[in-house]
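Colleague: Based on what follows, work out the 3D shape:
(chains A and B)
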Amino acid sequence: MAAVTHQAQAIEVGGSRAVEAASDHELLAAIRDGDEVAFQEIVRRYRNPITNFVYRMLDDYDRSVELAQETFIRVYTSASRYQANYSFSTYIYRIATNLAISELRRRKRRKTVSLFSPFTNDDGEAIEIDPPDLNLLQDETLIQDERRRAVARAITSLPQKYRAAIVLRDVEGLSYDQIAETLRLSEGTVKSRINRARNLLKEKLSAYI
Amino acid sequence: MSCKYIQKRIDEADKPDLLPFDVSEHIGVCVDCQRFATERTALRALVAAGSRVTAPMNFDAVLKARLAEVKTRRSFWWLGSPALLRLGAATAGVVVAVFVVQFTGLFSNKVETPERSLLSEAAPRPVPGPFVNPPAPPPLITTAKTQPDHGNSRPSRLRRSGIPVESALPASFMTAEDGGVVLLRGRNGDMDVQMPTVSVGAQPLLYVTAGQRTTRTVGTSF
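Modeller: Here you go, the predicted model:
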């Protein structure tokens, strides 16, 4: 801990270049000492990945931005309790994951109905309404856009426990042990969930594979 | 190696196009595993290929504002502390209790009897030595029912059990309902005059004639 504090003091002396070169742990130590520049650097490094991750979980951009900001606020307010036992990315993804899961649970209680899947079958699973588009294909951009929307719908239709794992793995590119630490699961459970999530996605996106 | 084991390793590979040599060797000879590897590679590329969203331009500014709000809220954290809330509730309870006691006392219809009032007022007062009668006598200043002391030869206001009349008569002694006795000093000595009951809103006018020791109401003023 003393070494980390010493590094935080070195960041203050070194200026902005030192802040950019500092590791996440050093920045957290500086934030703990009230360094606003270090916090800005942490925000600069993680604002896009966190926003993208939450967006992939929720498929709601405005809410994703709000939750990403809430993630950084929690990082700032709990910097004194941060323990450098594992990587900071795991730590911040865990906060974001918890916020996203809380939001999903809140939405589930509100019984929101997707315009694309307003009906369910006997097993309670959503039935996708995919009306055929009889118009001619216009250009590759529209095709990619449609493919992207289909992927987003497929991911958001996954059960919550599979969704976080597959997004962290295939969208954010985290390793299995990082995902296990983020979700506080065993590595075997993470592998199992990712495998099941991919099998479900393969069924939903068979037209695009 | 079984196909199940190979497919598990394909699924767990960090990069689907960079498989271990033994897995690649098996894929070369197994059609099912080859198809599985191709599907997994396409699926992972499809999921990862979705356009990444980025934070909006005002992300930092909004975050800064929200953080300032949180800091302000945290600086007043003690306002929401349970101990402070309990203390505030107790203080408010005491204040309300005091107010209620005073309020009910102001508008109470309970009439304090003069005897009790006189005793309670006179008892704790330090009395000069020559005027002290060791056993506390009954109060001599009473309501209108008490007969006046006509045979007293000493015209002194301190004659009644040594207690000065002014100090022995509390403000609440003469109530409108009780009436009372008024000491009138004259040339021939003192005279206790029985006062009629004062009605609320109307003040009786007294007419005292010489030699008479009673009063009569001759009129009412408002």
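Colleague: How about B:F59: what's its closest non-neighbour residue?
Modeller: A:R47 (5.6 Å; Cβ to Cβ, 6 or more residues apart in numbering or on different chains). Quick note: C-beta positions are derived from backbone N, CA and C, even for glycine.
Colleague: Which helix or strand contains the one you found?
Modeller: helix A:36-58 (DSSP states H and E).
Colleague: What mean pLDDT does that helix get?
Modeller: Mean per-residue pLDDT for helix A:36-58: 92.
Colleague: Just the buried residues of it, please?
Modeller: By 16 or more other Cβ atoms under 10 Å in any protein chain shown, the buried positions in helix A:36-58 come out as A:37-43, A:45-47, A:49-58.
Colleague: Following the chain onward from that helix, which element is next?
Modeller: Remark: after helix A:36-58, the chain's next helix or strand is helix A:61-77, criterion DSSP H and E.
Colleague: For that following helix, output the C-alpha coordinates as PDB.
Modeller: Presented in PDB, the C-alpha positions along helix A:61-77 are these (Å, rounded to 0.1, in the frame of the first residue of the first chain):
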ATOM      1  CA  TYR A  61     -28.100   3.800 -25.300                       C
ATOM      2  CA  ASP A  62     -29.400   6.600 -23.000                       C
ATOM      3  CA  ARG A  63     -29.700   4.400 -20.100                       C
ATOM      4  CA  SER A  64     -26.400   2.800 -20.800                       C
ATOM      5  CA  VAL A  65     -24.700   6.200 -20.700                       C
ATOM      6  CA  GLU A  66     -26.300   6.900 -17.300                       C
ATOM      7  CA  LEU A  67     -25.200   3.600 -15.900                       C
ATOM      8  CA  ALA A  68     -21.700   4.100 -17.200                       C
ATOM      9  CA  GLN A  69     -21.600   7.400 -15.400                       C
ATOM     10  CA  GLU A  70     -23.000   5.700 -12.300                       C
ATOM     11  CA  THR A  71     -20.200   3.200 -12.600                       C
ATOM     12  CA  PHE A  72     -17.500   5.900 -12.500                       C
ATOM     13  CA  ILE A  73     -19.200   7.600  -9.600                       C
ATOM     14  CA  ARG A  74     -19.100   4.400  -7.700                       C
ATOM     15  CA  VAL A  75     -15.400   4.000  -8.600                       C
ATOM     16  CA  TYR A  76     -14.700   7.400  -7.200                       C
ATOM     17  CA  THR A  77     -16.700   7.200  -4.100                       C
END
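Colleague: and the closest residue to A:Y162 other than its chain neighbours, how many residues sit next to it?
Modeller: Distance criterion Cβ to Cβ, 6+ apart; nearest residue to A:Y162, sequence neighbours excluded, is A:A197 at 3.8 Å. Using other Cβ atoms under 10 Å in any protein chain shown, A:A197 is surrounded by 24 other residues.
Colleague: contacting residues for A:A197?
Modeller: Counting by Cβ atoms under 8 Å, 6 or more residues apart in numbering or on different chains, A:A197 touches A:L158, A:Y162, A:R163, A:A165, A:I166.
Colleague: and the fourth one, what helix or strand is that in?
Modeller: Counting by DSSP H and E, the element that carries A:A165 is helix A:160-166.
Colleague: Can you name every helix or strand that the very next helix or strand once past that helix contacts?
Modeller: Following helix A:160-166 in sequence order, the next helix or strand is helix A:176-183 (DSSP H and E). Secondary structure elements in contact with helix A:176-183, counted by 3 or more Cβ pairs under 8 Å, 6 or more residues apart in numbering or on different chains; DSSP states H and E, are helix A:88-110, helix A:160-166, helix A:187-204.
Colleague: Could you list the buried residues of the last one?
Modeller: Meaning helix A:187-204. Applying 16+ other Cβ under 10 Å to helix A:187-204 flags A:V190, A:K191, A:R193, A:I194, A:N195, A:R196, A:A197, A:R198, A:L200, A:L201, A:K202, A:K204 as buried.
Colleague: relative to helix A:176-183, how tilted is that helix?
Modeller: Helix A:187-204 and helix A:176-183 are oriented at 90 degrees to each other (axes from the mean of the first three to the mean of the last three Cα atoms, to 10 degrees).
Colleague: Can I get helix A:187-204 in CSV, CA atoms only?
Modeller: C-alpha atoms of helix A:187-204 as CSV (Å, rounded to 0.1, in the frame of the first residue of the first chain):
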residue,chain,number,x,y,z
GLU,A,187,-14.2,-20.6,-14.4
GLY,A,188,-16.0,-23.8,-15.2
THR,A,189,-19.4,-22.1,-14.7
VAL,A,190,-18.3,-19.3,-16.9
LYS,A,191,-17.3,-21.6,-19.7
SER,A,192,-20.5,-23.5,-19.4
ARG,A,193,-22.6,-20.4,-19.6
ILE,A,194,-20.7,-19.0,-22.6
ASN,A,195,-21.1,-22.3,-24.4
ARG,A,196,-24.9,-22.3,-23.8
ALA,A,197,-25.1,-18.7,-24.8
ARG,A,198,-23.4,-19.4,-28.1
ASN,A,199,-25.7,-22.4,-28.8
LEU,A,200,-28.7,-20.2,-28.2
LEU,A,201,-27.3,-17.4,-30.4
LYS,A,202,-26.5,-19.9,-33.1
GLU,A,203,-30.2,-20.8,-33.3
LYS,A,204,-31.3,-17.2,-33.3
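Colleague: just how off-centre is it within its chain?
Modeller: Relative to the chain's own centre, helix A:187-204 is displaced by 17 Å; criterion: Cα atoms, centre = their mean, to the nearest Å.
Colleague: do the same with the shortest one
Modeller: Between the centre of helix A:160-166 and the centre of its host chain there is 10 Å, according to Cα atoms, centre = their mean.
Colleague: Walk me through the domains of the chain.
Modeller: With no chain named, the answer covers chain A. Domain ranges of chain A: A:1-112, A:113-209, per automatic domain parsing.
Colleague: Chain B is the one I meant
Modeller: B:3-49, B:114-221.
Colleague: Comparing those by mean pLDDT, which bottoms out?
Modeller: Lowest mean pLDDT of the domains of chain B: domain B:114-221, a mean of 55.
Colleague: Reformat the helices and strands packed on helix A:176-183 as JSON lines; add distance to B:T54.
Modeller: Formatted as JSON lines, the helices and strands packed on helix A:176-183 follow (distance: least, Cβ to Cβ, whole Å):
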{"stretch": "helix A:88-110", "distance to B:T54": "15"}
{"stretch": "helix A:160-166", "distance to B:T54": "21"}
{"stretch": "helix A:187-204", "distance to B:T54": "24"}
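Colleague: want to throw those helices into JSON lines with mean pLDDT?
Modeller: Formatted as JSON lines, the helices and strands packed on helix A:176-183 follow (pLDDT from 0 to 100):
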{"stretch": "helix A:88-110", "mean pLDDT": "89"}
{"stretch": "helix A:160-166", "mean pLDDT": "91"}
{"stretch": "helix A:187-204", "mean pLDDT": "93"}
